[in-house]
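K.L.:
turn this into a structure:
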Amino acid sequence: MKIHLLLLMFILLPIAIEAQRQAPKREVALEGAVNFRDLGGYATTNYRRIAIQRVYRAGDISKLTDSDMEELKRRKIYTVIDFRGEDEAAAAPDRLLPGAGYLLLPAGSGNATDLAAFIRGHTSGTDAMVAFYSDISVFTEKYRPFFRKLLMLPDTSAVVFHCTAGKDRTGIAAALFLYVLDIPMETIMADYMATNLYRKVENEKMIDYLVNERGIDRRMATEIMEANPLYLEATFGALKRKYGSIDSFLYKEMGMDEPAKLRFREKFLQ
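P.N.:
Numbers count the residues shown, from 1 in each chain. Predicted structure coming up:
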């Protein structure tokens with residue numbers, strides 16, 4: 001597994017860096033949030049591109065400043081989809097533009113902040129995260145409303161979807177979104193791994209906290225916080241084992257049949 005991981009990292013990290021460099025500037029520089037970025041600009045397998053300033057992914061947006069809110073207004077981000085648990089969302093409510101629509105999708109996120117329970121029974125952070133990403137039992141409840149909301153998005157506004165770090169629950173949502181739009185798998189993985197670049201400073205702080213305040217082994221804490229390609233591979237592998245293919249999962253559980261996919265692509269591709 002270590003050799004496989006090193007090979008994946010060797011191949012995908014340059015792709016992740018290059019994807020961020022060549023595409024339209026993705027990062028939305030905000031005072032009160034990190035890992036807030038535009039999914040626009042990625043090329044499909046037939047060379048169409050995702051429209052810019054339509055769909056954003058992010059981490060926590062509860063601490064946005066007045067200046068940040070002006071930036072969201074400029075970008076017309078009037079729909080927010082929140083993948084956090086109910087307790088997470090109540091403890092740090094999203095800051096929304098007046099009149100913005102808000103959808104909370106907490107399925108499977110109830111114990112997201114209980115790290116002790118999360119890692120219990122696992123020999124490493126990687127083992128724990130692979131188990132988390134392999135658990136697709138809540139995907140229908142969590143992500144089907146996500147796709148429905150995107151299909152209903154007004155053409156004149158934009159959406160941001162997020163969790164706390166913008167890595168795991170958001171990372172899976174972004175990967176499925178990109179897959180439906182026929183984005184190559186290496187690009188999907190590169191976008192996922194880009195969280196390691198955008199959250200570098202925050203991850204280092206969180207790792208120190210987990211080690212010093214929660215008594216978690218540093219290696220385990222690091223493995224939990226990183227965006228490791230093995231994790232997203234675990235999700236796609238679990239879906240293929242249960243449904244035979246990702247497309248079959250999208251059809252049976254997300255309602256994304258061929259007509260829906262066509263509408264989706266016409267809505268978000270240029």
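K.L.:
now the helices for this structure?
P.N.:
2-22, 66-74, 86-91, 115-119, 125-134, 139-151, 169-180, 185-193, 195-198, 200-212, 218-225, 229-243, 246-254, 258-268 (DSSP state H).
K.L.:
out of those helices, flag the one nearest Val160.
P.N.:
For the helices of the chain, the distance to Val160 is smallest for helix 66-74, at 7.9 Å, taking CB to CB. C-betas here are computed from N, CA, C, even on glycine.
K.L.:
buried residues in that closest one, which are they?
P.N.:
68-69, 71-72 (16 or more other CB atoms under 10 Å).
K.L.:
burial-wise, tell me which of the helices of the chain comes out on top.
P.N.:
Mean neighbour counts were taken over those using mean count of other CB atoms under 10 Å, and the top value, a mean of 23, falls to helix 169-180.
K.L.:
tell me which other helices or strands it touches.
P.N.:
For helix 169-180, the packing partners by 3 or more CB pairs under 8 Å, 6 or more residues apart in numbering; DSSP states H and E come out as strand 55-58, helix 139-151, strand 158-162, helix 185-193, helix 229-243, helix 246-254, helix 258-268.
K.L.:
give me the sheet partners of the first one and which way each runs.
P.N.:
By that I understand strand 55-58. Here strand 55-58 has these sheet partners by DSSP bridges: strand 37-38 (antiparallel), strand 158-162 (parallel).
K.L.:
which residues are contacting the shortest one?
P.N.:
It stands for strand 37-38. Around strand 37-38, the neighbours that count as contacts under CB atoms under 8 Å, 6 or more residues apart in numbering are 24-28, 52-53, 55-58, 194, 198.
K.L.:
in a markdown table: the helices and strands packed on helix 169-180, plus mean pLDDT and distance to Leu97.
P.N.:
A markdown table is the format used below for the helices and strands packed on helix 169-180 (pLDDT from 0 to 100; distance: least, CB to CB, whole Å):
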| stretch | mean pLDDT | distance to Leu97 |
| --- | --- | --- |
| strand 55-58 | 98 | 13 |
| helix 139-151 | 98 | 16 |
| strand 158-162 | 98 | 11 |
| helix 185-193 | 96 | 25 |
| helix 229-243 | 98 | 31 |
| helix 246-254 | 98 | 28 |
| helix 258-268 | 97 | 21 |
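K.L.:
picking up where we left off before, from the strands paired with strand 55-58, which stretch is densest packed?
P.N.:
Per stretch, and counting mean count of other CB under 10 Å, the top mean among the strands paired with strand 55-58 goes to strand 158-162, which has a mean of 24.
K.L.:
what are the contacting residues of that strand?
P.N.:
So strand 158-162 is contacted by 36, 53-61, 72, 75-84, 94, 146, 149-150, 153, 170, 173-174 (CB under 8 Å, 6+ apart).
K.L.:
and the pLDDT for Asp122?
P.N.:
Careful, residue 122 is His; it's not Asp. On the pLDDT scale, His122 is placed at 88.
K.L.:
thinking again about what came up before, ok, and the most crowded of the contacts of strand 37-38?
P.N.:
Comparing these by number of neighbours (other CB atoms under 10 Å), Arg57 comes first, having 26 neighbours.
K.L.:
show the contacting residues for that one.
P.N.:
Residues touching Arg57, when contacts are defined by CB under 8 Å, 6+ apart, comprise 35-37, 39, 160-162, 166, 170, 173-174.
K.L.:
nearest to Gly99, of the residues you listed?
P.N.:
For these, with Gly99 as the reference and CB to CB as the criterion, the closest is Val160, at 15.0 Å.
K.L.:
quick check: closest non-adjacent residue to the closest one.
P.N.:
Leaving out its chain neighbours, the residue that sits closest to Val160 by CB to CB, 6 or more residues apart in numbering is Tyr56, at 4.1 Å.
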